[in-house]
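K.L.:
fold the following for me, if possible:
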Amino acid sequence: MFNRYVVKKGDTLYSIANDFGTTVENLKDMNNMYYDTMLRQGTEIIVPSGTEKYFDYYTIKQGDNLYQIARRYNINPELLANMNGLDMDDYIYPNQELLIPKGGYSYYITMEGDTLDTVAKRFNDSPNKILEENQTIYLLPGQLLVRKRQN
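P.N.:
Alright, predicted model coming up:
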């Protein structure tokens, strides 16, 4: 999973990466940053949160595109793009790392106006179950929520 993080005064990519257990390169890739100077106070960036449980990683190879990768893993290309903070027409480049959703889970990216109740209905579950499986819920547009599928 990932969350949005608002950059505070004095934050660096290194300090944020350290706080969230990731690397500077991962943060740059997730946020389409090319230079450290793109980090400014008040900027919203995407940071990982518990990604190892719900995701695998894929390193992009020369010639890959989002449609091919989505087909390879049998996932919706729009979901793949959104989960990685990308638009479908964004350029992806070799050695960039993508989060690939694991099977057995349902994924939802929040939209303007979502409430815990409306999200729970989308998952066909209770708000308490959604809270249990998602450590942090802001219900801001673009947050990814995950729910284990019922067998």
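K.L.:
point to the helix or strand of the protein where mean pLDDT is at its lowest.
P.N.:
helix 51-54 (a mean of 60; mean pLDDT, DSSP states H and E).
K.L.:
could I get the buried residue list for the following helix or strand past it?
P.N.:
With elements assigned by DSSP states H and E, the helix or strand that comes after helix 51-54 is strand 55-59. For strand 55-59, the neighbour count (16 or more other Cβ atoms under 10 Å) marks 55, 58 as buried. In this view, the C-beta of every residue, glycine as well, is placed from N, C-alpha and C.
K.L.:
who does strand 55-59 touch, helix- and strand-wise?
P.N.:
If you count contacts as 3 or more Cβ pairs under 8 Å, 6 or more residues apart in numbering; DSSP states H and E, strand 55-59 packs onto strand 97-101.
K.L.:
elements contacting the very next helix or strand once past the strand it packs on?
P.N.:
Downstream of strand 97-101, the first helix or strand assigned by DSSP H and E is strand 105-109. Other helices and strands packing on strand 105-109, by 3+ Cβ pairs under 8 Å, 6+ apart, are helix 77-83, helix 116-123, strand 144-148.
K.L.:
list the helices and strands the shortest one packs on?
P.N.:
Contacts defined by 3+ Cβ pairs under 8 Å, 6+ apart place strand 144-148 against strand 105-109, helix 116-123, helix 127-133.
K.L.:
wait, which of those is closest to residue 143?
P.N.:
strand 105-109 (7.1 Å; Cβ to Cβ).
K.L.:
the closest one to strand 55-59, inter-axis angle?
P.N.:
Taking axes from the mean of the first three to the mean of the last three Cα atoms, to 10 degrees, strand 105-109 and strand 55-59 form an angle of 70 degrees between their directions.
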